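Visitor: Test case, fold it:
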Amino acid sequence: MRLRIAVRGAVQGVGFRPFVYRLATGRGLAGWVLNSNQGVFIEVEGERGLLEDFLLSIERERPPRSFIQSLECSYLDPAGYSSFEIRESASEGEKLSLILPDIATCEECRREVLDPADRRYLHPFTNCTNCGPRFSIIRSLPYDRPNTTMAGFAMCGACQAEYHDPSDRRFHAQPNACPDCGPQLELWDASGARLASRHEALLAAAEAVRRGQTAAVKGLGGFHLVVDARNGQAVRRLRGLKRREEKPLALMFPSLEAVREECLVSDLEARLLGSPESPIVLLRRKGRPPFAGSEIAPEVAPDNPYLGAMLPYTPLHHLLVAQLRFPIIATSGNVSDEPICTDEREAVVRLGGMADVFLVHDRPIARHVDDSVARVLMGRELVVRRARGYAPLPVRVREDGPAVLAVGPHLKNTVAVSKGRNVFISQHIGDLETGPAFEAFRQVIDDLRGIYEHDAAAVACDVHPDYLSSRCAEQSGLPVQRVQHHYAHVVSCMAENELEGPVLGVSWDGTGYGPDGTVWGGEFLRATLDSFTRAAHLRTFRLPGAHAAVKEPRRAALGVLYELLGSEAFGLEDLAPVRAFPPGELRVIRGMLGRGVNSPVTSSAGRLFDAVAALAGLRQVNAFEGQAAMMLEFALQDVDTEERYPIDLRRGPGDAGPLILDWGPMMRAVLDNVRRGEPTGLVSARFHNGLVEAVLAVARAVGEEQVVLSGGCFQNAYLTEGAVGALRREGFRPYWHQRVPPNDGGISLGQAVAAMRALGGK
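Guide: Numbers count the residues shown, from 1 in each chain. The predicted model follows:
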């Protein structure tokens, strides 16, 4: 395989290229390394195990005076290199066009903050050229102090000396400051009245958390709501006030050792936890439910075998957890479906009912940036939510194209702008379900376009007529390029993996507007970057209640049962989803399905997962999006079987129409197994294995060697690993996401690339 790596940070003038050369040649790897205006770029190819060792060694053995601010890596097809060389430096590219993400605190700064002999002892805003705020403080380019939110803080003489000394690691560190000249902390009560300042404010905030109270902490890209993760009562109170019933809450641990006490952590997961990006990492918990030996309160992640764990990534967080020395909840400072708070006065209004105290500071936040979420899947990093540490680094495409603004989908929204060969993807914005969320969406568009001086030739959006993002595109006054939802998923994955096509794109998710007016979601698209045709799809069924069926898996189950059995389905009172409805509501749903009223036709794979979860008795009503499907995946833990339910592939109406994957035999087998009391884990495994076989069957029928896996369903590790393994065994070349989310967070990239191609060809 070929491994492409882009390293940014203090990596030039420190012997980094000779270091990489020695690493590669010592392992017998071929490829090249070069300097550019954007950092050091590396390509190596060889056996997978050697590439993994090479990747880990870059950070483990880097030159002592170097520092890696960000390291992006992607696995690609081999290019056929015969030797390794140091190439001539590349001078092309705009030097000031690349904005770095916010970077986790480096080890040198962490030591200074905790060293009583250092002049930055206990200073929560310590940084250097190797770490600290970037994207969250930049107001405009170029990246100079007057163009950041540090403009109001004049450096003292000592900081000025560091800033102008080429031998100092704070040489031209734009946010440079110290306790004498930098931002300061204050602790406020729920009304905004000051209680304490400087380090005393932090100590008092820690004491409040220790007493079971909630602290709203102004961090890097917004506020966290912080409580003691061991205190079930405090967590329950926070959930009620935040209106977040069961969705897992993120944890911040004092150290990697503390994470290992609760979770299984591989070398790659440990690297990700301690990386400059420092995301929340989804980790498998030790033991089995109900995790009796854990100090983490059950309310943190109810019935969930995974925890979302992160390490401190700013000096403020390091100082806070050093005082507490136990895991804390560090969840976004917002009410569900609203954007994260960034301003302290606004936070008192919006979070006043949730937080007992506010730990604030006087460095303004230029834009909200949530914590990123990632997991390791098949030895690779998979970003699930792309924000702090990743945004706004671009995805580089093969050809220059027109400047496009892509406004993304309705859920898990991000936006993107293209400039030359770069597509810059915004930080995670979220679901456009509320007025504040839509306003945040508009602000991010203005912000991203302003920073990059982006003069869009067109705006790309979803084909769904009712998405707020699509309406925004229509009102922009720019030419509109509409890109079908599932095609955008496929193009996103193609762009990330540098594929031109044709490919077979497997695009599975919950909902997307189809060109035929139905709800797509279980799609197989034969695609290039220019166009697509629908090669196959899952058998359709109706969703009674339309949007209500997204929140109630029992409705998806009734839709599947009605498609399979007709009116007979409503008499099957031995089945959990039928029993879950009061008789009156069941009659209404029967009428809806019978008349086809408010019951759209769908091919959704996501809703099929919901239906099986409901039939298995796992979940009838979701407390958060995707909960039923997650529980079905969790049921697989420790189940080892190759058994699978049958699923038929047949020709649809007309010889030229798409193939249809008929899940009828599969669902009849599910019903039989559930009625016989088969273990839920076995039902789930057979269902997943059947879907893997379905992917393989369509790949055989279509005959495209390159198979792209995208859409929210491919966040499911078991499904993705199974599909990749099965495709590889039969000689196909599967591709999946790495640095761009497979869920709707990656849609804006696909929209932008598809629109660039459409406009470039005109």
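Visitor: what about the residue lying closest to Arg644 once chain neighbours are set aside, which helix or strand?
Guide: If you skip the residues right next to it in sequence, Arg644 has Asn689 as its closest partner in space, 3.5 Å away by Cβ to Cβ, 6 or more residues apart in numbering. In this view, the C-beta of every residue, glycine as well, is placed from N, C-alpha and C. Using DSSP states H and E, Asn689 sits within helix 680-702.
Visitor: Point to the helix or strand of the chain where mean pLDDT is at its lowest.
Guide: Averaged element by element with mean pLDDT, DSSP states H and E, the chain has its least confident helix or strand at strand 67-76 (a mean of 84).
Visitor: what lines up beside that one in the sheet?
Guide: Strand 67-76 has these partner strands in its sheet, going by DSSP bridges: strand 2-10 (antiparallel).
Visitor: residues touching the residue nearest to Arg644, list them.
Guide: 641-645, 722 (Cβ atoms under 8 Å, 6 or more residues apart in numbering).
Visitor: circling back to that earlier point, quick check, distance from the least confident helix or strand of the chain to the centre of its chain.
Guide: Centroid separation between strand 67-76 and its chain, computed with Cα atoms, centre = their mean, to the nearest Å, is 17 Å.
Visitor: who does the next helix or strand along the chain from that strand pair up with?
Guide: Past strand 67-76, heading to the C-terminal end, the next element that is a helix or strand (DSSP H and E) is strand 84-86. Based on DSSP bridges, the strands next to strand 84-86 in the sheet, each with its direction, are strand 30-36 (parallel).
Visitor: What is the subsequent helix or strand relative to the strand it pairs with?
Guide: Using DSSP H and E, the helix or strand that directly follows strand 30-36 along the chain is strand 39-45.
Visitor: Give me the residue at the spatial middle of this protein.
Guide: Arg385 (1.6 Å; Cα atoms, centre = their mean).
Visitor: Ile445 falls within a helix, correct?
Guide: Yes: under DSSP: H, G, I helix; E, B strand; the rest coil, Ile445 sits within a helix.
Visitor: where does it sit relative to Phe438, distance-wise?
Guide: When distances are taken as Cβ to Cβ, to the nearest Å, Ile445 and Phe438 turn out to be 11 Å apart.
Visitor: Of those two, give the one with the bigger neighbour count.
Guide: More neighbours sit around Ile445 than around the other of Ile445 and Phe438, counting by other Cβ atoms under 10 Å; the figures are 24 against 18.
Visitor: Excluding covalently adjacent residues, which one is nearest to that one?
Guide: The spatial neighbour of Ile445 that comes closest, neighbours along the chain excluded (Cβ to Cβ, 6+ apart), is Val415 at 5.5 Å.
Visitor: I figured the one you found hits Ser426, correct?
Guide: Yes: Val415 is within contact range of Ser426, at 4.8 Å (criterion: Cβ atoms under 8 Å).
Visitor: Between those two, which contacts overlap?
Guide: Residues touching both Val415 and Ser426 (Cβ under 8 Å, 6+ apart): 444, 448, 748.
Visitor: Report the contact partners of the residue nearest to Ile445.
Guide: With Cβ under 8 Å, 6+ apart as the criterion, the residues that contact Val415 are 405-408, 425-426, 429, 441, 444-445, 448, 469, 748.
Visitor: how about those residues in TSV, adding secondary structure, pLDDT and distance to Thr528?
Guide: Putting the contacts of Val415 into TSV (DSSP: H, G, I helix; E, B strand; the rest coil; pLDDT from 0 to 100; distance: Cβ to Cβ, whole Å) gives the following:
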residue	secondary structure	pLDDT	distance to Thr528
Leu405	strand	97	23
Ala406	strand	98	19
Val407	coil	97	23
Gly408	coil	97	22
Ile425	strand	96	22
Ser426	coil	96	26
Ile429	coil	95	29
Phe441	helix	95	30
Val444	helix	95	30
Ile445	helix	95	28
Leu448	helix	92	28
Ser469	helix	95	25
Ser748	helix	98	20
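Visitor: Tabulate those (TSV), appending distance to Leu220.
Guide: Supplementary listing: the contacts of Val415 in TSV, determined by distance: Cβ to Cβ, whole Å:
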residue	distance to Leu220
Leu405	26
Ala406	26
Val407	26
Gly408	23
Ile425	19
Ser426	16
Ile429	17
Phe441	21
Val444	17
Ile445	22
Leu448	18
Ser469	27
Ser748	23
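Visitor: Just the buried residues of these.
Guide: A residue is treated as buried here by neighbour count (16 or more other Cβ atoms under 10 Å); on that basis the buried members of the contacts of Val415 are 405-408, 425-426, 429, 441, 444-445, 448, 469, 748.
Visitor: Among those, which one sits closest to Val395?
Guide: Looking at the buried ones among the contacts of Val415 and their distance to Val395, the nearest is Ile425, at 6.8 Å (Cβ to Cβ).
Visitor: elements contacting the strand or helix carrying Ala556?
Guide: Using DSSP H and E, Ala556 sits in helix 553-565. Contact partners of helix 553-565 among helices and strands, from 3 or more Cβ pairs under 8 Å, 6 or more residues apart in numbering; DSSP states H and E: strand 541-542, helix 548-551, helix 576-579, helix 583-595, helix 605-615, helix 664-675.
Visitor: quick one, what contacts the residue nearest to the centre of the chain?
Guide: Arg385 touches 280, 370-373, 412, 428, 741, 745, counting by Cβ under 8 Å, 6+ apart.
Visitor: List the ones among these that fall in strands.
Guide: 280, 373 (DSSP state E).
Visitor: mind listing what Leu71 touches?
Guide: Leu71 sits next to 5-8, 58-59, 275-276 when contact means Cβ under 8 Å, 6+ apart.
Visitor: Buried members of the residues you listed into PyMOL, please.
Guide: For anyone working in PyMOL, the buried entries among the contacts of Leu71, judged by 16+ other Cβ under 10 Å, can be selected with:
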select buried, resi 5+6+7+8+58+275+276
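Visitor: which one among the contacts of Leu71 gets closest to Arg17?
Guide: Relative to Arg17, the closest of the contacts of Leu71 is Val7; by Cβ to Cβ it sits at 10.4 Å.
Visitor: Quick one: end-to-end length of stretch 274-284, please.
Guide: Start and end residues of stretch 274-284 are separated by 17 Å (Cα to Cα, to the nearest Å).
Visitor: buried residues in it?
Guide: 274-283.
Visitor: No further queries at this time; thank you.
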